[in-house]
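>>> Give the three-dimensional model of this entry:
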Amino acid sequence: MMRRYFDPAVYRIILFDQRGCGRSRPHASVSENTTWHLVDDIELIRKTLGVEDWIVFGGSWGATLALIYAQAHPEWVTHLVLRGVFLSTRRELDWFYQGGAGAFWPDLWQSFSGLVPEDERHDIIAAYHRRLFSGNLSIETRYARAWASWENALASIDNEGPGGSGPAEYARAFARLENHYFFNGCFLSEDQQILKNVHRISHIPAVIVQGRYDMICPPVSAYKLASLWPSCRLVMVGKAGHALSERGISTELVKTMHTIGLSRFHKK
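Predicted coordinates:
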């Protein structure tokens, strides 16, 4: 599914599962699993496969990782293509896990936040962290399903109710990894780190495709980033939320990759 955004006649397509998820092993593990381990992994992939330069493409947390990688290794990145921008700030986490998005989905927010005692709800991420890493598989799975369901319910503008959590094994890996990163501030040295380092990538052409009604990663983050980035173009997609699969989002991403492919071909 992820390959469909790139024409194989134009691109060499390289996909990877980050530590602890997908086909990576050990599954759902957070040992030696930080943002900087992932940046090193991406760079190791580039070196191992003999890639001299590449377009870095990512959405949501993938957009975060793409930005951090590019800021660490700008010399290898020719373009950045981002979707549903997340800057790993406290404000964004509070929006989604301290009731901001819950103001639009009060029934689902009650189901999600209500699973922890009231005296722990001042920090939902920490409360879930204690349970997702409890060592009790039954408890971890229950809270993992709730964590994944809350996010999935808000991913698409067309959702009308509770979202599924997927298979238990997937939900547990998804929830543990996401919570691990958020609990640790995504392992960044400061809250506004990505925005403060935009100058390191200001020369790299970029396109941001952002859903106007993204409940998970509100458009304000994409707007702030684009306003500081002279060579960045922000495409705001009306009647679209966060999900990669939404028609307007997919259409713009395919169009973007086609346009970049043509420009690189003509340059050669």
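>>> C-terminal to the host helix or strand of A127, what's the next element?
In the assignment (DSSP states H and E), A127 maps to helix 124-132. Beyond helix 124-132 on the C-terminal side, the first helix or strand identified by DSSP H and E is helix 137-153.
>>> Next, the angle from the helix holding A127 to helix 137-153.
140 degrees (axes from the mean of the first three to the mean of the last three C-alpha atoms, to 10 degrees).
>>> Helix 124-132 - contacts with which helices or strands?
helix 90-97, helix 137-153, helix 168-183 (3 or more C-beta pairs under 8 Å, 6 or more residues apart in numbering; DSSP states H and E). (Each C-beta comes from the backbone N, C-alpha and C, glycine too.)
>>> try 10 Å this time
helix 90-97, helix 106-113, helix 137-153, helix 168-183 (3 or more C-beta pairs under 10 Å, 6 or more residues apart in numbering; DSSP states H and E).
>>> Relative to Q192, which of these is closest?
helix 90-97 (9.6 Å; C-beta to C-beta).
>>> number of nearby residues for T35?
22 (other C-beta atoms under 10 Å).
>>> Next, the closest residue to it other than its chain neighbours: phi, psi?
Excluding the flanking residues, the one nearest T35 by C-beta to C-beta, 6 or more residues apart in numbering is F187, at 4.3 Å. Backbone torsions of F187, given as degrees, to the nearest 10, read phi 60, psi 30.
>>> Touching, F187 and L65? I think so.
No: F187 is beyond contact range of L65, at 11.2 Å (criterion: C-beta atoms under 10 Å).
>>> re earlier: how close does the residue nearest to T35 sit to I124?
20 Å (C-beta to C-beta, to the nearest Å).
>>> neighbour count winner among the two?
In this view F187 and I124 are compared by other C-beta under 10 Å, and I124 has more residues nearby, 25 against 16.
>>> I'd like the helices and strands packed on helix 124-132 laid out as JSON lines, including mean pLDDT.
Formatted as JSON lines, those follow (pLDDT from 0 to 100):
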{"stretch": "helix 90-97", "mean pLDDT": "98"}
{"stretch": "helix 106-113", "mean pLDDT": "97"}
{"stretch": "helix 137-153", "mean pLDDT": "96"}
{"stretch": "helix 168-183", "mean pLDDT": "96"}
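>>> For P74, which of these is the nearest?
With C-beta to C-beta as the yardstick, what comes closest out of the helices and strands packed on helix 124-132 is helix 168-183 (23.0 Å).
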